[in-house]
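Colleague: what would the 3D arrangement of this be:
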Amino acid sequence: MQFKASALAQLLGGQIEGNPESTVSGFGKIESAVSGQLSFLANPKYEDYLYTCQASIVIVNQSLTLRKPVSATLIRVPDAYAAFAQLLALYEEQQKKNKTGIQSPCHIDPSAKLADTVFIGAFSYLGEKVTIGEGTQIHPQVYLGDGVRIGKHCILHPGVKIYAQCVIGDDVIIHAGTVIGSDGFGFAPKSDGAYTKVPQLGNVIVEDGVEIGANTTIDRATIGSTIIRRGVKLDNLIQVAHNVEIGAHTVIAAQTGISGSTRIGEQVMVGGQVGIAGHIEIGNKVKIGAQSGISKDVPDGKILNGTPATDHASSFRQLAMIRQLPEIERRIRLLEQLLAAKPD
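Modeller: Numbering: from 1, shown residues only. Prediction:
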């Protein structure tokens, strides 16, 4: 499948610099793309590769000022990264095979209701009163417990497990090995030091347009619901505890852990390996740096870093001071020696 620069520019609303008849049939990284491939440049860190790469077409930002001649045809757009992502999505859609039907063997309870256009992969289990909307693809070895509801045009990759009564909206993607609706971590201490399990009777609700990475776990609520709002993007290996609520269009990177009953606002950005304590509220549009520890409420719009997390600028001042500690110690020892040698 080939694409001309002129057609791509029209699709993206971009401006061509170079040969509008240049054609591409695949994609390549700016560092290593070859003739016949399309690449993009969004991060200034990689600009030097633009002048040496052999890509036939490169998507760049409108604001880019060239320092040297380039051999590729350029397509200038307002946001090169977003434009490239748009092309990848269109290409994937064309390449995707829309499977339908039910492979064998599978266990599907007679009470389950499946739209005509669904696909159920082999060795999947669908419990009582499961419902699945049109165009949804259930890949092999997926488990759907009793009463699970899956919306339209979802993709559940191999090995996904969704416990009873959980609800998944439309256009949701759940990657392999993810578990949704496992018991929340609820145990009551007894007088003898042992623990009694607290029944977890709630469920998990995942709203429309959510994507959940591989091997992520989202616990069911003790009572009520653990809620992942529309448009949330969760990376791999994330733990979401019981009764947590994550606001719309929040993005969370890998290995983050969110403790029970915490509420996270809308359009929050959370870096990797962040630890978030339970029963706190994080406001809208908050940004949290990687490996931070959040132990108290965070107001809207804050940028935090470190453990315990502090204001972004303050945390970097603290790090700068820590790096100076060996020199400060040396100077203190020198002053002590001078004072000790000074005659009375």
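Colleague: only C-alpha atoms for contact and neighbour calcs from this point on.
Modeller: Noted.
Colleague: packing partners for the helix ranked longest in the chain?
Modeller: If you go by DSSP state H, the chain has its longest helix at helix 312-341. Secondary-structure packing of helix 312-341 (3 or more CA pairs under 8 Å, 6 or more residues apart in numbering; DSSP states H and E): strand 303-305.
Colleague: for the chain, what spans make up the helices?
Modeller: Counting by DSSP H, the helices of the chain are 5-12, 47-50, 80-95, 312-341.
Colleague: break this structure into its domains for me.
Modeller: If you go by automatic domain parsing, the domain ranges for the chain are 3-95, 174-308.
Colleague: let me see the mean pLDDT of the first one.
Modeller: Per-residue confidence for domain 3-95 averages out to 93 on the pLDDT scale.
Colleague: tell me where the model's unsure across the chain.
Modeller: For the chain, the stretches with pLDDT under 70 are 1, 95-97, 312, 344.
Colleague: same thing but at 80, please
Modeller: 1, 92-98, 308-322, 342-344 (pLDDT under 80).
Colleague: now do stretch 105-112: everything it contacts.
Modeller: By CA atoms under 8 Å, 6 or more residues apart in numbering, the surrounding residues in contact with stretch 105-112 are 121-131.
Colleague: let's see that with 10 Å instead.
Modeller: Residues outside stretch 105-112 that contact it (CA atoms under 10 Å, 6 or more residues apart in numbering): 102, 114, 120-132, 140-144, 146-149.
Colleague: can I get the buried ones among those residues as something I can paste into PyMOL?
Modeller: Applied in PyMOL, the following selects the buried portion of the contacts of stretch 105-112 according to 16 or more other CA atoms under 10 Å:
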select buried, resi 114+120+121+122+123+124+125+126+127+128+129+130+131+132+140+141+142+143+144+146+147+148+149
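Colleague: in strands only, show me the contacts of stretch 105-112.
Modeller: 102, 114, 120, 125-126, 131-132, 143-144, 149 (DSSP state E).
Colleague: now the helices of the chain as CSV including distance to residue 106 and mean neighbour count?
Modeller: Converted to CSV, these look like this (distance: least, CA to CA, whole Å; neighbours: other CA atoms under 10 Å):
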stretch, distance to residue 106, mean neighbour count
helix 5-12, 42, 17
helix 47-50, 50, 17
helix 80-95, 27, 14
helix 312-341, 52, 12
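Colleague: mind checking which of those helices is nearest residue 214?
Modeller: Minimum separation from residue 214 across the helices of the chain (CA to CA) falls at helix 80-95, 19.5 Å.
Colleague: I'd like to know which elements that closest one is packed against.
Modeller: helix 5-12, strand 26-27, strand 37-41, strand 57-61, strand 73-77 (3 or more CA pairs under 10 Å, 6 or more residues apart in numbering; DSSP states H and E).
Colleague: out of these, which is closest to residue 20?
Modeller: Closest approach to residue 20 among the helices and strands packed on helix 80-95 (CA to CA): helix 5-12, 4.8 Å.
Colleague: okay, that closest one in CSV with CA atoms only?
Modeller: The C-alpha coordinates for helix 5-12 follow below in CSV (Å, rounded to 0.1, in the frame of the first residue of the first chain):
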residue,chain,number,x,y,z
ALA,A,5,3.0,13.2,-0.2
SER,A,6,0.2,15.2,-1.8
ALA,A,7,-2.5,12.8,-0.4
LEU,A,8,-0.9,12.7,3.0
ALA,A,9,-0.6,16.5,3.2
GLN,A,10,-4.3,16.8,2.2
LEU,A,11,-5.3,14.3,4.8
LEU,A,12,-3.3,16.0,7.6
